[in-house]
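Colleague: quick one, structure for this:
(chains A and B)
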Amino acid sequence: MSSARVLIVGPGGIGLDDVVQLAEGTAFPALDDAPEYRVLLGRGADHLARRLAAGEVVYGVTTGFGDSCETSVPDEHVAAMPINLMRFHGCGTGRILDEVEAAAVVAVRLVALARGWSGVRVEVLERLCDLLRHRLLPRIPAEGSVGASGDLTPLSYVVAALVGEREVWFKGQVAPAAEALREAGIPPLVLQPKESLALMNGTSVMVGLGCLAVARAQRLARLCAALTAMGSDVLGGNPAHFDDRIFAAKPHPGQRAVAGWIREDIEFPRPAAPARIQDRYSIRCAPHVIGVLVDALPWVRQWLEVEIVGANDNPLVDPETGEVLHGGNFYGGHACFALDSLKTAVANLADLVDRQIALVCNPDTNAGLPANLVGRTGPDRAAHHGFKAMQISASALAAEALKLTMPASVFSRSTECHNQDKVSMGTIAARDCLRIVELTETVAAIGLLTMCQAVDLRAGHNVHARARTLHAAVRGVIPMVDADRRQDRDIAAVLTLMRANALPIGALS
Amino acid sequence: MTSPVSVVIGHTIALRDVDAVARRGAAVSLAAEARDELRQTRDHLEQALAGGAIIYGVNTGFGALSDAKIAPDELGILQQNLLRSHAAGVGPAFAADVVRALLLLRAHTLALGASGVSPAVPEFLLQMLARDVLPVVPCQGSVGASGDLAPLAHLALVAIGEGLAWSEGQIISGAEALARAGLTPLRLGPKEGLSLINGTQVTTAVGALALCDAAELIAAADIIGSLSLDALLGTVTATDPRIHAGKPHVGQRESAAVARALLIDSPLRASHSDCGEVQDAYALRCMPQVHGAARDAFAYVAGAVRIELNSFTDNPLVLAHEGGGFDVLSGGNFHAGTVALPLDHMTAALTTLATISERRTDRMLNPVTSRGLPAFLAERPGVESGLMMAHVTASALASECKSLSFPASVDTIPTSAGKEDHVSMGPIAARKLRSVVDNLARVLAIEAIAAARGLDLREHPTSAPLRRVHAAIRAHAGPWTGDRSPSAETEALAAAIVRGELRQAAGVASPLDRA
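Modeller: Residues are numbered from 1 along each chain as shown, chains lettered A, B, ... in the order given. Take a look at the predicted model:
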């Protein structure tokens, strides 16, 4: 905690990369203490308290929730509303989000409320900062949100952690929330009217998960460019496919950048005697495939960043005038569409790398390498099958990733007595997106092991900068396959390096 | 396929009958005893109404408006309004064969006697069919429950002298179409409008015709796949009946038996029996498992559609009870879920035939896998591109089939103010199946062109039945020498495959024989 940077959270919000750092615990939040900001933060809750004292009707405070908004709640029961809201949403199902994912959710919710339009007290924001600072994080079941009116059910687990109900992650273990709060010295929050609604009514689960997916997708793009360079090297590919003039002539910026990465990796320009005048599409058109992702990432990032800093609560309280504005900013349509698109772009990388692995394993296409990259040289060579099953695995993973690209956003269904009669399903898109990223990372790990084996079999001939550095990094932990052996642990080891950002894949500029 | 002289409705009809009436001009008549039964049921309904009974859709509003009670003097207007308001279809009009199938199937379900319509109603639909009065029916706008309301309303409007109809390729008014055919517009009594539109006939009409074609394609896949196997110097070992007795799916055994019978006496096969190749790639070796699954799917789907064809799909139903008399019962037989799911299943099964056929075409064109055939089967590869682009067309079609394989039946949108809160999307499933059938026919045609070319290039001849298939192909697609556009021959051969020409040449039974 001491080595981590402190990230000031104020009215201007934070960026996607900041969210990822807060999620991974390499940064911790501190609420901006500028006096004018603190005044602004205090206003919303004050306005709200004044309106309640004057007997005004405010949705979700003096009324029931959702379709029950025409039920008025007598004064003596207003105080029970926030805790009940949290409790009746405690019906999440499915896998539990891990600590990094839960921290991303908490960080994104913190930033949304820190905008000062939700009518919550400063104390609520401080407690959210405490959760991140102490890595005391809600155990959030992944399923149960339709993505409008916000991620209600999963976010109820954030509220539960703040008040000391349900379970949390603490010091890497599962603990009852009340005990963990006590041990960390964090006072349980006593919810004021609307605070529970403000914490739950928004897009922070889909956006938090989406931020993690974007960061991983970005690294995957660079890694896949590096794998393409290795593939071109070991297949004796034609470097001229990556000539910048080609990409200047159809100047999608991301596609051009990917070609630039590959040129850097294969030390272009250099004399070459390619095996074929034109390589197959999975090598030649790799910039056109990876480039789609690289060109999509900026707008996906921009949409998510608007969602991060935007007040995605309802109702909103204008801190200047104190007006209560009833709207639908909890609707996750933008995040859903962005993440549905990201799914397709990332899954295409899984497909691309699977095809590259197939090219390198197939003796009809691998320019003289042994079939299936069998590294055995002795008389029992015919009894070994090298990377045959690894290629089949990659195909299975790619198919699973491609299958998941069906858009979630087209599956809206009317719920909650038809009050929520059109919803975003953005949280499903975010979860599918993370799963596709995970599958694609695994295909890339298999791809890297395959390319490293091919580099060994070429005995370094025609192997350029990127292939050499990546090969050395992998061989530092995993030996060449010179006889049939289990390779599941090899894949896991590469994934560990990849997720720790420890592979020398090159800069993302 | 020979055309039956006539089809009798009112008892049971078969998938083949739909094809015979819709495409081969078979005459249709109403079973004599069905007429008497219709009269009896109608009398009962009229008596019940005279006795003051309240019956859904007869003297109430429709759908979510079913609580509105309709006065006796407005019952005729109610039926007329129903047809007018429900004719909300959009999109391109269905082809003539589908419209004929619609007239047949709607007349048949009414003739089964549970709708409470007078015999004049199904008889009028048969008159329209006989005199070629074909309504213009837009193909979109039905969610497949409560029935294919909108498209059937377009059909029914013509019967009462409204709407639009075809006349020698032109669109004319329904009134004019009836007049030209010498028919007086049908006058609807209570319930008769509802009974014309409440049911699954669009789903079953489109689905049944698509299934008749699918049967030919399923048979053709075994035949054309066998041609490819021989052209690729494959082995028949994988069709050995002992293998398939060990995993005895019915369709798998049939596909294996068809391929084995076609290939076993091939001199070409005998010529390389000592080649040392023991196993072919999956697209050849696993044909019985893949094609057989499609055969089994067909049997299941055809069974479901056959039941639906011969069902009461109306609501409410006027049904006899034990010990005499009738009851009017409200149910949900108009819901096409019973066929939407099977049709979706058929679509997925045919897509696997498209994807495996495309793989075989690829193997014949790729010199790495073709066992000695020239690249892209060109005479002079390089100067000529041969069948390179025909294969790309097959790939595009197979991919389109994959996109179309997402099931329609998993979606539902509540309609009619939430009353119709779970619907089938059956007509969408049927139309997607139609598209996949059309694509698959062309994918198989391209494989057949490639396989015929491959056989021409081999030194030894193929078997006698496959030589007949080769000749049947040559009737539509000539020998592939020199570059030329493959489009027209692909289309002509695809149509011939759907007509069963290759199957008849091979002497193979149609899966429809069992359906």
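
Colleague: show me what contacts residue 121?
Modeller: Because you didn't say which chain, this covers chain A. A:42, A:45, A:192, A:195 (CB atoms under 8 Å, 6 or more residues apart in numbering or on different chains). In short, each C-beta sits where N, CA and C put it, glycine included.

Colleague: sorry, I should have been clearer: chain B.
Modeller: Contacts of residue B:121 by CB under 8 Å, 6+ apart are B:110, B:186, B:192, B:195-196.

Colleague: now with 7 Å, please.
Modeller: B:110, B:186, B:192 (CB atoms under 7 Å, 6 or more residues apart in numbering or on different chains).

Colleague: contact partners of stretch A:45-62?
Modeller: A:63, A:69, A:72-73, A:78, A:81, A:119-121, A:192-194, A:197, A:315, A:317, A:322, A:324, A:326.

Colleague: any quick PyMOL command for the buried ones out of the residues you listed?
Modeller: Selecting only the buried entries of these in PyMOL, with 16 or more other CB atoms under 10 Å in any protein chain shown as the criterion:
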select buried, chain A and resi 63+73+78+81+119+120+121+192+193+194+197+315+317+324
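
Colleague: nearest to chain B: which residue in the stretch 351-500 of chain A?
Modeller: residue A:364 (4.1 Å; CB to the nearest CB).

Colleague: for the residue nearest to that residue when sequence neighbours are not counted, report the pLDDT, please.
Modeller: Once flanking residues are discounted, residue A:364 sits nearest to residue B:368: 4.1 Å by CB to CB, 6 or more residues apart in numbering or on different chains. As predicted, residue B:368 sits at a pLDDT of 92.

Colleague: poorly predicted segments of the stretch 401-515 of chain B, please.
Modeller: Residue ranges of the stretch 401-515 of chain B with pLDDT under 70: B:515.

Colleague: tell me which element residue B:171 falls in.
Modeller: With secondary structure defined by DSSP states H and E, residue B:171 is part of strand B:170-173.

Colleague: and if you look at residue B:243?
Modeller: Using DSSP H and E, the element containing residue B:243 is helix B:241-245.

Colleague: same check, this time on residue B:165
Modeller: Here residue B:165 is assigned to strand B:164-167, by DSSP H and E.

Colleague: show me what that strand is packed up against.
Modeller: Applying 3 or more CB pairs under 7 Å, 6 or more residues apart in numbering or on different chains; DSSP states H and E, we find strand B:164-167 packed against strand B:134-135, strand B:170-173, helix B:174-181.

Colleague: distance of the nearest residue to residue B:42 once chain neighbours are set aside relative to residue A:177?
Modeller: Here the nearest residue to residue B:42 in space, its sequence neighbours aside, is residue B:118; by CB to CB, 6+ apart that works out to 4.7 Å. Noted for residue B:118: a distance of 72 Å to residue A:177, by CB to CB, to the nearest Å.

Colleague: report pLDDT for residue 21.
Modeller: Picking chain A for this. 97.

Colleague: that answer is for a different chain, and I need it for chain B
Modeller: Residue B:21 carries a pLDDT value of 97.

Colleague: so it touches residue B:105, yeah?
Modeller: No. Contact between residue B:21 and residue B:105 fails when scored by CB atoms under 7 Å: they sit 9.3 Å apart.

Colleague: just the closest residue of chain B to chain A, please.
Modeller: For chain B, CB to the nearest CB, closest residue to chain A: residue B:368, 4.1 Å.

Colleague: do I have it right that that residue meets residue A:366?
Modeller: No. Assessed by CB under 7 Å, residue B:368 is found out of contact with residue A:366, at 11.6 Å.

Colleague: so if I had to pick from these two, which one is more boxed in?
Modeller: Neighbours per residue, other CB atoms under 10 Å in any protein chain shown: of residue B:368 and residue A:366, the larger number sits with residue A:366, 22 against 11.

Colleague: neighbour count winner among residue B:21 and residue B:105?
Modeller: Ranked by neighbour count (other CB under 10 Å), residue B:21 and residue B:105 place residue B:105 first, with 29 against 26.

Colleague: which residues sit in contact with that one?
Modeller: Residue B:105 neighbours (CB under 7 Å, 6+ apart): B:201, B:204-205, B:309.

Colleague: how much space between residue B:514 and residue B:299?
Modeller: Applying CB to CB to residue B:514 and residue B:299 gives a distance of 7 Å.

Colleague: right, I mislabeled it, should have said residue B:198
Modeller: 29 Å.

Colleague: circling back to that earlier point, most tightly packed of the helices and strands packed on strand B:164-167?
Modeller: strand B:134-135 (a mean of 25; mean count of other CB atoms under 10 Å in any protein chain shown).

Colleague: chain B contacts on chain A?
Modeller: Contact residues, chain A versus chain B (CB under 7 Å from any CB of the partner chain): A:364, A:406, A:414, A:418.

Colleague: would you agree the first one is in contact with residue B:366?
Modeller: No. With contact defined as CB under 7 Å, residue A:364 and residue B:366 do not form a contacting pair (8.4 Å).

Colleague: give me the residue at the spatial middle of chain B.
Modeller: Most central in chain B under CA atoms, centre = their mean is residue B:210, positioned 1.8 Å from the mean C-alpha point.

Colleague: for the helix or strand where that one lies, list every residue counted as buried.
Modeller: If you go by DSSP H and E, residue B:210 is part of helix B:201-231. For helix B:201-231, burial by neighbour count (16+ other CB under 10 Å) applies to B:201-231.

Colleague: once you drop chain neighbours, what's closest to the residue of the stretch 1-150 of chain A found nearest chain B?
Modeller: Ranking the residues of the stretch 1-150 of chain A by distance to chain B (CB to the nearest CB) places residue A:67 first, at 13.3 Å. Closest residue to residue A:67 apart from its sequence neighbours, by CB to CB, 6+ apart: residue A:419 at 3.7 Å.

Colleague: and the one you found, how many neighbours?
Modeller: Residue A:419 - counted by other CB under 10 Å - has 13 other residues nearby.

Colleague: related to what we said a few turns ago, of the residues of chain A next to chain B, buried ones?
Modeller: residue A:414.

Colleague: that older thread, with distance to residue B:267 as extra columns, can I get the contacts of residue B:105 in a markdown table?
Modeller: Below are these laid out as a markdown table (distance: CB to CB, whole Å):
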| residue | distance to residue B:267 |
| --- | --- |
| B:201 | 51 |
| B:204 | 47 |
| B:205 | 47 |
| B:309 | 46 |
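
Colleague: now pLDDT and distance to chain A too, for those residues, in CSV please.
Modeller: Output for the contacts of residue B:105, formatted as CSV (pLDDT from 0 to 100; distance: CB to the nearest CB, whole Å):
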residue, pLDDT, distance to chain A
B:201, 97, 28
B:204, 98, 27
B:205, 98, 28
B:309, 96, 32
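
Colleague: that older thread, list residues touching both of residue B:368 and residue A:366?
Modeller: Common neighbours of residue B:368 and residue A:366 (CB under 7 Å, 6+ apart) do not exist.

Colleague: contacts only, for residue 63.
Modeller: Let's take chain A. A:57, A:69, A:71-73.

Colleague: looking at chain B here, not the other one
Modeller: Neighbours of residue B:63 in contact, by CB under 7 Å, 6+ apart: B:416, B:419-420.

Colleague: do that again at 6 Å, thanks
Modeller: Residue B:63 makes contact with B:416, B:419, according to CB atoms under 6 Å, 6 or more residues apart in numbering or on different chains.

Colleague: now do it, the pLDDT please.
Modeller: 83.

Colleague: ditto for residue B:101
Modeller: The model's pLDDT for residue B:101 equals 98.

Colleague: could you say which helix or strand holds it?
Modeller: Assigned by DSSP H and E, residue B:101 belongs to helix B:96-111.

Colleague: that older thread, from what I can see the residue nearest to the centre of chain B touches residue B:433, true?
Modeller: Yes. Contact criterion CB atoms under 6 Å: residue B:210 and residue B:433 qualify, at 4.7 Å.

Colleague: for chain B, give me its nearest residue in the stretch 201-350 of chain A.
Modeller: Counting by CB to the nearest CB, the stretch 201-350 of chain A gets nearest to chain B through residue A:280 (12.1 Å).
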